[in-house]
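> Task: produce atomic coordinates for the following.
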Amino acid sequence: APTRLGLYGLLLGLAGTETDAQLMREKIVEPADEFRLGIDGIMGGYLLLTGDKGLDVIDKEKLLNEEVPFSETYAAMQALRFMWTYGSGIEKPRLQQSMRILLARPELADLVIADLARWKDWTIIDRLMEIYNAEEYSIPSIKRAIVRYMLVAAKDKPEEGADDSHVAKAEGYLKTLRDNDPKTVQQAERFFYVN
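Down below sits the predicted model:
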C-alpha cells in the first residue's frame, strides 16, 4: 500500500541488501510529476544502506536538480534530517554539505537555515549576510530565519579549543541587522529563546 512505502523503505534500510539498495535507487530516481507518498522513507532507508555513495545520488538527483518537483526535494530534505537524528554511516559534516546545497533554493531557504543553525553549521554565516538583501531572498520568513541563525551562533558555546570565531562574527552581524532592519530583528526575537 502506498501509505506503507516509507515504512518499508526504512525497514529495508535497517535490514536490506545491495539488491534492496538498487531497488530503492530505481524508485528514487524514477521521474515523478506529483507527490509520492513515502518517498522520504525510501530515501532514508536508501541512505542507511548506502551511506555517502547514496547521498551522492540524492545530491545529484534531488538536491542539485532544480527540475524535480518541490515535494521530491522536500522529501530528500526530510531524509537528511532523519539521518542527522537517527542514522549512522554518514558523517555530520557530509550531511551539512548536502543541506547547504538547498540554500540556492529560496522556497526552502528558511527551513534550511533553521536546520543548519540547529546543526551548528557556521560555515554559511557570511553567505547569509550576502543573501539577506538579495531580491530573490527578500521574504520575511527567510530574513527572520537569518536573524535567528545569528542569534543561535552568537550564543553558541564551542568546546574548549574549538574555533569560536563565528560567535564574534554573529554578534557583529546582529548589530548590523539591528541598525539596518530593526523591525525584522524584533520580529525574529519575539518568542525565540536561545539557552
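> What does the pLDDT read for T3?
Listed pLDDT for T3 reads 87.
> wait, L14
L14 is assigned 95 on the pLDDT scale.
> Correct me if wrong: it contacts L48.
Yes. The criterion here is C-beta atoms under 8 Å, and L14 meets it with L48 at 6.3 Å. Any C-beta I mention is one placed from the backbone N, CA and C, and that applies to glycine too.
> Between the two, which is the more surrounded one?
Neighbour count, other C-beta atoms under 10 Å: between L14 and L48, L48 has more, with 27 against 9.
> so how far is Y149 from A117?
From A117 across to Y149, the span is 4 Å (C-beta to C-beta, to the nearest Å).
> Likewise for I101?
Distance from I101 to Y149, by C-beta to C-beta: 17 Å.
> higher neighbour count, these two?
Y149 (24 against 18).
> any idea of the mean pLDDT for stretch 73-83?
97.
> what helices or strands is the helix or strand containing W84 leaning on?
Using DSSP states H and E, W84 maps to helix 70-85. On a contact count with 3 or more C-beta pairs under 8 Å, 6 or more residues apart in numbering; DSSP states H and E, helix 70-85 meets helix 39-50, helix 52-58, helix 92-101, helix 109-118.
> which one of those lies closest to A134?
A134 lies closest to helix 109-118 among these, at 10.1 Å (C-beta to C-beta).
> Go through whatever helix or strand comes next after that closest one and flag the buried ones.
Downstream of helix 109-118, the first helix or strand assigned by DSSP H and E is helix 125-131. Neighbour counts over helix 125-131 (16 or more other C-beta atoms under 10 Å) mark I125, L128, M129, I131 as buried.
> Could you do stretch 25-33 as well?
R25, K27, I28, A32.
> Enumerate every residue touching I124.
Residues near I124 by C-beta atoms under 8 Å, 6 or more residues apart in numbering: R100, L103, I113, L116, Y149.
> Could you dump these into TSV and include distance to S88 and pLDDT?
Converted to TSV, those look like this (distance: C-beta to C-beta, whole Å; pLDDT from 0 to 100):
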residue	distance to S88	pLDDT
R100	21	98
L103	26	97
I113	26	98
L116	21	98
Y149	27	98
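> now stretch 61-72, how far from the chain's geometric center?
Centre-to-centre, stretch 61-72 and its host chain are 14 Å apart (C-alpha atoms, centre = their mean, to the nearest Å).
> sorry, that was for stretch 126-136
17 Å.
> before we move on, what about stretch 18-35?
Centroid separation between stretch 18-35 and its chain, computed with C-alpha atoms, centre = their mean, is 21 Å.
> who's in contact with it?
9, 12-13, 16, 39, 42-43, 45-46, 49-50, 54, 57-58, 61-62, 68-69, 71-72.
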